[in-house]
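S.K.: How does the following fold in three dimensions:
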Amino acid sequence: MRVLAVESSCDETALAVYDGERDALLAHRVHSQTAVHAEYGGVVPELAARDHMRRLPLLARQVMSDAGLGHGQIDAVAYTAGPGLAGALMTGAAFAKGLAASRGVPAMAVNHLEGHILAPLLGDDPPSFPFLALLVSGGHSQLIEVQEVGRYRLLGESIDDAIGEAFDKSAKLMGLGYPGGAALSRLAESGDPAAVPFTRPMVNRPGLDLSFSGLKTAVANEIAAGRPYADVAASFERTVIDTLVIKLGRALEQTGLDRLVVAGGVAANRPLRQRLATMMAERGGTVHFPSIELCTDNAAMIALAGYLRLRAGEADAEPGFSVRPRWPLESLRPPGAVA
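M.R.: Numbering: from 1, shown residues only. Next up, the predicted model:
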């Protein structure tokens, strides 16, 4: 089964082709809308949807050419149906459903978060089930127990800002532009991570929930006090990582798991990767990351998730489509499960 996938949940337009028989990603392309939204300091939903509409047909032709396939050689189309921006999701879903109908092949709605969690399965060192997943991105910060594909238990999540959002907002306070998370990390390399004694949020409370809104406010206060930006950035980054290490340690003890998957845009953060690799080695466990290019939103992960569900006999039952801007991961079932 060859699956063409479409991802358009926010500000990346992406397409990919996955070949299930060969267990291989044949091609994938991503177009970032950073330049479109930068002058506004954040994603403008209407502009995002319009740009998806412009880019999707061209990217589809390019990714099919990259894969060396004709349109008659696609067996199914997968697409992100949520969570995400409603207009952006609708644009991608309409395009994907139109493609599927024109080719006479099934279509499969995919949960964007499930795609992120399964992305490391596309790597050279795929994790075995079960495992603990840390999903860290601009919109989500969650700790999830993963028993198998479709069996997810939410253990904790941010009660306010997601980690990626806190990175971007803190970077904006320093005038680093949008999106600023990566720029903040680069600035942190020249700073002193012990310069500012930020409080690690919620580590003295029971449970596995997270909170980063107060840390962002503390960053604003340090900037107003004239603290060097590099020191603030380094101290902020270390505090976030320290907090995650503490919470992950609790989650590993609670679940008894010894495998960790880290996914989402913030999974590309190098200091975070290093700390978690050290932590899991000390515990005698393993940690698995997607490749850097598959940390941010992409269609490769949607193709894989769609393939696993299509292989089990699932597919959209109706020719029309609906999207789910809010779609909890824990509401999903294993592929092929009977409701």
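S.K.: now residue 266: how far from residue 53?
M.R.: 29 Å (CB to CB, to the nearest Å). Quick note: C-beta positions are derived from backbone N, CA and C, even for glycine.
S.K.: Same check on residue 178?
M.R.: For residue 178, the distance to residue 53 - CB to CB - is 22 Å.
S.K.: ditto for residue 238
M.R.: 42 Å.
S.K.: higher neighbour count, the two?
M.R.: Using other CB atoms under 10 Å, the more surrounded residue of residue 238 and residue 53 is residue 238, with 21 against 17.
S.K.: Which residue is the nearest non-sequential neighbour of the more buried one?
M.R.: residue 193 (3.9 Å; CB to CB, 6 or more residues apart in numbering).
S.K.: list the contacts for that neighbour?
M.R.: For residue 193, the contacting residues are 234-235, 237-238, by CB atoms under 8 Å, 6 or more residues apart in numbering.
S.K.: Surely it is in a helix?
M.R.: No. According to DSSP: H, G, I helix; E, B strand; the rest coil, residue 193 belongs to no helix; its state is coil.
S.K.: Model confidence score at it, please.
M.R.: Listed pLDDT for residue 193 reads 98.
S.K.: Next, it: phi, psi?
M.R.: phi -70, psi -10 (degrees, to the nearest 10).
S.K.: For residue 274, see how far away it is.
M.R.: 13 Å.
S.K.: And for residue 308?
M.R.: Residue 308 sits 31 Å away from residue 274, going by CB to CB.
S.K.: Kindly report the same for residue 173.
M.R.: For residue 173, the distance to residue 274 equals 26 Å [CB to CB].
S.K.: now the helices: where do they sit in the stretch 151-300 of the chain?
M.R.: 163-173, 181-188, 213-224, 229-255, 270-282, 300-311 (DSSP state H, counting those that start in this stretch).
S.K.: quick one: contacts for residue 59?
M.R.: Residues in contact with residue 59, defined by CB under 8 Å, 6+ apart, are 13-15, 29, 31.
S.K.: how near is it to residue 103?
M.R.: To residue 103, residue 59 is 17 Å away according to CB to CB.
S.K.: what does residue 163 give?
M.R.: 39 Å.
S.K.: now do residue 141
M.R.: To residue 103, residue 141 is 38 Å away according to CB to CB.
S.K.: Same drill for those two, tell me which one is more crowded.
M.R.: residue 141 (29 against 17).
S.K.: per-residue confidence for the more buried one?
M.R.: Note on residue 141: pLDDT of 96.
S.K.: phi, psi of it?
M.R.: Per degrees, to the nearest 10, the backbone of residue 141 is at phi -140, psi 100.
S.K.: Surely it and residue 135 touch.
M.R.: Yes. The pair residue 141 and residue 135 passes the contact test of CB atoms under 8 Å, sitting 7.1 Å apart.
S.K.: Which helix or strand in this structure has the lowest average pLDDT?
M.R.: Scoring the helices and strands of the chain by mean pLDDT, DSSP states H and E places helix 34-37 at the bottom, with a mean of 92.
S.K.: Output the contacting helices and strands for it.
M.R.: When contacts are defined as 3 or more CB pairs under 8 Å, 6 or more residues apart in numbering; DSSP states H and E, helix 34-37 packs onto helix 45-67.
S.K.: Who has more neighbours out of residue 173 and residue 274?
M.R.: residue 173 (18 against 11).
S.K.: Spit out the contact partners of that one.
M.R.: Contacts of residue 173 (CB under 8 Å, 6+ apart): 216, 219-220, 223.
S.K.: Select from the residues you listed the one having the most neighbours.
M.R.: Most surrounded of the contacts of residue 173: other CB under 10 Å gives residue 219, at 26 neighbours.
S.K.: residues contacting the residue nearest to that one when sequence neighbours are not counted?
M.R.: Excluding the flanking residues, the one nearest residue 219 by CB to CB, 6+ apart is residue 170, at 4.6 Å. Under the criterion of CB under 8 Å, 6+ apart, the contact partners of residue 170 comprise 180, 184, 216, 219, 232-233, 236.
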